[in-house]
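Peer 1: Build the 3D model from these lines:
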Amino acid sequence: MRNFIKSLALVLLCIAAAVNASAQSRLVTITGSFTQKKYYEITIAGKLGDKGFRVVQNNNDPGNTNFSIVFPANAEATYQLKVRVMKMGHRRLEPEAEATYPLNLTGKNSLTLTIDPALFAQKSGFKIEKLPVKFSTVSISGAFNNSKFGVDLSFEKVVEGRLEQVQTIFAKAGDSVFNILVPLEKEGLYYLSTMGWKKQVYLKPNDQLQLVLDNRTGAQISAAKSTEENNVLQKWEELKSPLTELLKKANKQTNLESFTTVYQPLQPTIKTFVQQVKTKNAKFNALFKTAAQLDNNMAALNMLLKTNSVNRGSFSSMYKEFVNVPDYYKQTLKANTINSADLLKLGEGDNYINLNAKLSLDESKAKEITDAEKVKVLMNSTPNDTLKAYLLKSQLNELELNVSNYSEFRDIFLPYKKYTKVPSVKAKYDGVSGMYAADTAYLGKSAYDFILPDVNGKMVSMKDFKGKVVLVDVWATWCGPCKAQMPFLKEVEELYKGNDSIVFVGISLDAAKDKQKWMDMIHEKQLEGVQLLDDFGRTFGRKYKMNAIPRFLLIDKNGNWAEVRCPLPESKEKLKKYIDRELNRNI
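Peer 2: Reported below is the predicted structural model:
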């Protein structure tokens, strides 16, 4: 009874706050659609006096051209709507076009907009229409307690096991009321999140939730309006809260042993709770079982990572692989492995696929095996071909900066090309492959097609070094990263001192007019080997598309290109393998 009275008091307090807020502002609803299927970012911003502020940001992808936004409009403030058209870059979305429009909200509680990005260049692009809303929405409203500090509250959807922000409201310090209105055609699990917490909600088209949340933790204090599914999620949240709290304290007050004393005894209770969930919604029942199992497994996986973190002053860095995993967790996580494609409907699904696969790695050999061997172990960790596709994508994301050239890409990833039928996986695979595909035009071809002057003005051809392996370093005096590699290159050169079967050649892309500057740096840095000058890349650089330096290339004993994109000298052992491979080959 005491808890009920406390919750009721909080609800009444929040209602009072909402009434007080409405005395100064009114809720305005903006709905509409885009005429083209693209990525969009809508931002509504306001200005009161000389102070500007953001109100809400909404994101659309090509699969959803509709939008709906509700926000409190202060009668004394002015507002504008900014629309950005976004395009997919190699790793993230990038702005393509944008337009900003003033919003005339005088006497209006709702607007319906049609936005045509093709008209942005004409300083137009949207029109106000009085049309009925033809798509389903969901409404989540309520209030925060502990609203002393402002909060950015996001509504997120799940796309292929990852969370994507749909809408973010920017609540100022003291604002206790929140309102979210978004289009929703597909029922499932969605997420409310801030920088400090995430909360699952299960939604169906036209659902309405009214919640009171703790601003600090995201914990639900009460619900004036909820659904049967969300009542189950609330009970689940309460059941797992001891684990949630311990994870927040990890690295400070909690070690793995103290976590285990809570995690292990809780397992029978969790199992019983999940088995007893039988709502009227069969879809929810099935998805919840996977979601609860995922939450339980991720609690253990995250704790294993956090307790192995490396402290660096006031910061800590988590390992990407697991070390010193106790047998209890190995056995428990293996027994509870999830191989269902339903993981892709859950916000941590993609992360789990990757982390769970890494448990398959032999800790004693993890640092010794090659990337190709590692990916093979990971790909064999799940029997589900759908999950293999997303595991491949995760490895492409993780290793793309480690891949030096097409040869490495081929050895690591080509065996799994059959798992690239999913469009997003294929796009990632093709994107990484495309970075090196052009290099194949040079591999195995003659390197005797250019001549450059050395420090004495003598013209030098790679043909002069026939029968020897040649490591070519492309650099410039103005290139900071090039200079950073010079000490490492000296270490590599030292490994082969006295070996007449290898020659080190430096090719500078400095302009001919800067020859003295080039020669001064050779003397200053005590650069060894054969040093050549390519006048601003006119002979060698452009021919071999040297768009970024430093760049290291390798010529075999027959004078053909063995590699046109070698590992940098900072990866000494990796580069040494390339050199030794060519030294050990017969002509």
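
Peer 1: Give me the sheet partners of the helix or strand harbouring residue 201 and which way each runs.
Peer 2: Taking DSSP states H and E as the definition, one finds residue 201 inside strand 198-203. Paired strands of strand 198-203, with direction, are strand 188-193 (antiparallel) (DSSP bridges).

Peer 1: re the thing from before, what mean pLDDT does the strand holding residue 201 get?
Peer 2: Averaged across strand 198-203, the pLDDT comes to 97.

Peer 1: Can you name the element that comes right after it?
Peer 2: Once the chain leaves strand 198-203, the next helix or strand it forms, by DSSP H and E, is strand 208-214.

Peer 1: packing partners for that following strand?
Peer 2: The contact analysis (3 or more Cβ pairs under 8 Å, 6 or more residues apart in numbering; DSSP states H and E) places strand 208-214 against helix 2-24, strand 137-145, strand 198-203, strand 220-225. Every C-beta, even on glycine, is put in place using the N, C-alpha and C of the backbone.

Peer 1: Other residues contacting the second one?
Peer 2: It refers to strand 137-145. Contact with strand 137-145 is made by 10, 13-15, 17-18, 31, 68, 70, 151, 155, 171, 176-184, 192, 201, 203-215, 221, 224, as judged by Cβ atoms under 8 Å, 6 or more residues apart in numbering.

Peer 1: Just the buried ones from these?
Peer 2: Buried members of the contacts of strand 137-145, scored by 16 or more other Cβ atoms under 10 Å, are 10, 14, 17-18, 31, 68, 70, 151, 155, 171, 176-184, 192, 201, 203-204, 207, 209-213, 215, 221, 224.

Peer 1: Mind telling me what element residue 102 is part of?
Peer 2: Assigned by DSSP H and E, residue 102 belongs to strand 93-103.

Peer 1: For that strand, give the mean pLDDT please.
Peer 2: 91.

Peer 1: swap in stretch 451-458?
Peer 2: For stretch 451-458, the mean per-residue pLDDT is 95.

Peer 1: residues of stretch 409-429 that come out buried?
Peer 2: 409, 412-413, 416, 419-420, 422, 425, 428-429.

Peer 1: Over to stretch 503-514?
Peer 2: Applying a neighbour-count criterion of 16+ other Cβ under 10 Å, one finds 503-511, 514 buried in stretch 503-514.

Peer 1: Low-confidence ranges, the stretch 151-300 of the chain, go.
Peer 2: 250-254 (pLDDT under 70).

Peer 1: which residue ranges form the helices in it?
Peer 2: Taking DSSP state H, counting those that start in this stretch to define them, one finds helices in the stretch 151-300 of the chain at 228-249, 256-276, 282-306.

Peer 1: Which strands and helices lie in contact with the first one?
Peer 2: Right, the one you point to is helix 228-249. strand 198-203, strand 220-225, helix 256-276, helix 282-306.

Peer 1: so which of those comes closest to residue 464?
Peer 2: For the helices and strands packed on helix 228-249, the distance to residue 464 is smallest for helix 282-306, at 53.5 Å, taking Cβ to Cβ.

Peer 1: Report all helices and strands that that closest one contacts.
Peer 2: Identification of packing neighbours for helix 282-306 by 3+ Cβ pairs under 8 Å, 6+ apart yields strand 188-193, strand 198-203, helix 228-249, helix 256-276, helix 327-335, helix 349-358.

Peer 1: picking that back up, orientation of the strand holding residue 201 relative to helix 282-306 in degrees?
Peer 2: Following axes from the mean of the first three to the mean of the last three Cα atoms, to 10 degrees, one obtains 170 degrees for the angle between strand 198-203 and helix 282-306.

Peer 1: what's in contact with strand 198-203?
Peer 2: Strand 198-203 has contacts (Cβ under 8 Å, 6+ apart) with 138, 140, 184, 187-193, 209, 213, 218, 220, 227, 229-230, 233, 237, 284, 288, 291, 347.
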